[in-house]
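Engineer: compute the structure for the input listed below.
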Amino acid sequence: MDEQSTFYRIPGRLLAGLGAVWGGTPSAISPFMSDAVVVVSQEDVAALHGIGLCDARGGVLPVALPALAVLGGATSFVRIYLSGSGTVKEIVVYRDESGASASLTNTGGAFDLEFPAQTQLMLAIVAQMTGSSAFSSMDFEVSLSGHDAIVLAAAIDLQRRATFRALADDMTDGAVDLHEQAVAAVCAQRTGGTQGLCNYFLDLASATGIPAAAVESGMKSLMGRGLLAPFEQANRLTDKPLELARRLLLIQQALTLTAGKCSSDGSVAVLGFGCLQAGVNDLLYTEVVGDALEMRMESAAVILELVRAFLDDPALLDGLSAAIQDVPAAGANCEECQHPLAVDVKFCPHCGTPRSMSAPAPSVSTPATCPHCGTEVETGARFCSGCGMKIEGQIWGVISSRTCR
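Structural biologist: Modelled structure (predicted):
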């Protein structure tokens, strides 16, 4: 840690109160942003005083003011979410207009605040997870529509299950027959498991599942792309996706990087990428581009360079104009502290409370056309008039406009 850096460990319940003590108007992406009225008690002031952030009367101490100014007036952020081996780590780096940085690390019920952000240490944490090998185990790259990507993931999951059974029974592994009904069953409902590639893609889509009609269309599309091939009364994965299924046999850990910036018109644009790792040289990079999902096998060195670029080069976000994920929206709030929740968070970033499955979902807009058959869809329609598919909103989500003050 840099000798000139400052460090504070803040209980999650005090973060909203800290914003109130700071007293400024938080930006749209500030961790101090709250739709609820925050009341700071004397007990809260005493706790913040004990941490070294304010005096006994609730005035922010001069040494802490620069860090709080960055958090409150943040104009961009980079969030790194690491999960695997039963552990979860979340780090968010905030920058203000001057380029000054501060970071919050979720330690499970508390937040470590560092000013300035120690990006090299963060990069080392990611490297400890991914390794730094410049070698990738295979050449695989494809860009698919949202539904087609989910169908491919389901087919790969069925192959992975068959491979596991073959290994357990000490039998030779081979390509499994993929019947449409079996693939549709995997796609129909997202489960709570952490190993399913289909679960991962459904989570990216903020969808609970896709209909059978989309599976039928998706399998035909994948055959046209050379990713599936007919075999007797079923289909099978072709060589490349079959090898991918074997490489991703046991997913060990996942990394998600999300970055956002307040634009000049007052909205917030967000982008990012994900990475699943099953071995030292088996890393699947995923990125949502428009309404498509791009995936490719990459080396750990490439992933680390991408993380480094986002952490250390604020100019990388200067031209950001298109978003692929929702930012916190009114109506999706933590049940404990009422702080707004982003689409992809599993725990409240302020108090650590698990997100309730019954909590209202952030709003999404109805797409102009059906993502399955292309039929024009009326605003507010729940089902497509062309194919009958339920309309869930744009499959990869849309950006919510928030005022950046």
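Engineer: excluding residues flanking it in the chain, which one is nearest residue 283?
Structural biologist: Leaving aside its sequence neighbours, residue 283 sits nearest to residue 277 (CB to CB, 6 or more residues apart in numbering; 4.9 Å). (Each C-beta comes from the backbone N, C-alpha and C, glycine too.)
Engineer: just residue 76 next, same as before
Structural biologist: residue 261 (4.3 Å).
Engineer: who touches that neighbour in this structure?
Structural biologist: 75, 76, 268, 269, 317, 318, 320 (CB atoms under 8 Å, 6 or more residues apart in numbering).
Engineer: do that again at 7 Å, thanks
Structural biologist: Residues in contact with residue 261, defined by CB atoms under 7 Å, 6 or more residues apart in numbering, are 75, 76, 269, 317, 320.
Engineer: TSV please, covering these and showing distance to residue 50, pLDDT and secondary structure.
Structural biologist: Output for the contacts of residue 261, formatted as TSV (distance: CB to CB, whole Å; pLDDT from 0 to 100; DSSP: H, G, I helix; E, B strand; the rest coil):
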residue	distance to residue 50	pLDDT	secondary structure
75	31	93	coil
76	31	94	strand
269	39	86	strand
317	36	82	helix
320	39	63	coil
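Engineer: give the helix, strand or coil label for residue 74.
Structural biologist: With DSSP: H, G, I helix; E, B strand; the rest coil as the basis, residue 74 sits in coil.
Engineer: can you pull the pLDDT of it?
Structural biologist: Note for residue 74: predicted pLDDT of 94.
Engineer: okay, and for the stretch 301-405 of the chain, where does confidence drop off?
Structural biologist: 319-405 (pLDDT under 70).
Engineer: got the phi and psi for residue 251?
Structural biologist: phi -80, psi 120 (degrees, to the nearest 10).
Engineer: where's it relative to residue 279, distance?
Structural biologist: Between residue 251 and residue 279 the distance is 10 Å, computed by CB to CB, to the nearest Å.
Engineer: between these two, which one's more packed in?
Structural biologist: Taking other CB atoms under 10 Å, residue 251 and residue 279 do not tie; residue 251 has more neighbours (19 against 15).
Engineer: doesn't residue 276 make contact with that one?
Structural biologist: Yes: contact criterion CB atoms under 7 Å: residue 251 and residue 276 qualify, at 5.3 Å.
Engineer: which SSE is residue 67 in?
Structural biologist: helix 65-72 (DSSP states H and E).
Engineer: which elements pack onto that helix?
Structural biologist: helix 15-22, strand 101-106, strand 110-115 (3 or more CB pairs under 7 Å, 6 or more residues apart in numbering; DSSP states H and E).
Engineer: contacts for the second one next, please.
Structural biologist: Contact partners of strand 101-106, identified using CB under 7 Å, 6+ apart, comprise 31, 67, 70-71, 90-95, 111-118, 349.
Engineer: isn't there a strand covering the residue nearest to residue 76?
Structural biologist: Yes: Residue 261: assigned to a strand according to three-state DSSP.
Engineer: span of stretch 177-193 from start to end?
Structural biologist: Length of stretch 177-193, first residue to last, CA to CA, to the nearest Å: 23 Å.
Engineer: from here on, count from 32
Structural biologist: Sure thing, new numbering starts at 32, so read that last one as stretch 208-224.
Engineer: so, low pLDDT: which residues of the stretch 182-331 of the chain?
Structural biologist: Residues of the stretch 182-331 of the chain that meet the cut-off, pLDDT under 70, sit at 295-297.
Engineer: now do the buried residues in stretch 221-234.
Structural biologist: Buried residues in stretch 221-234, counting neighbours by 16 or more other CB atoms under 10 Å, are found at 221, 226, 227, 228, 229, 230, 231, 232, 233, 234.
Engineer: nearest residue to the third one in space, please, no chain neighbours.
Structural biologist: Closest residue to residue 227 apart from its sequence neighbours, by CB to CB, 6+ apart: residue 188 at 5.3 Å.
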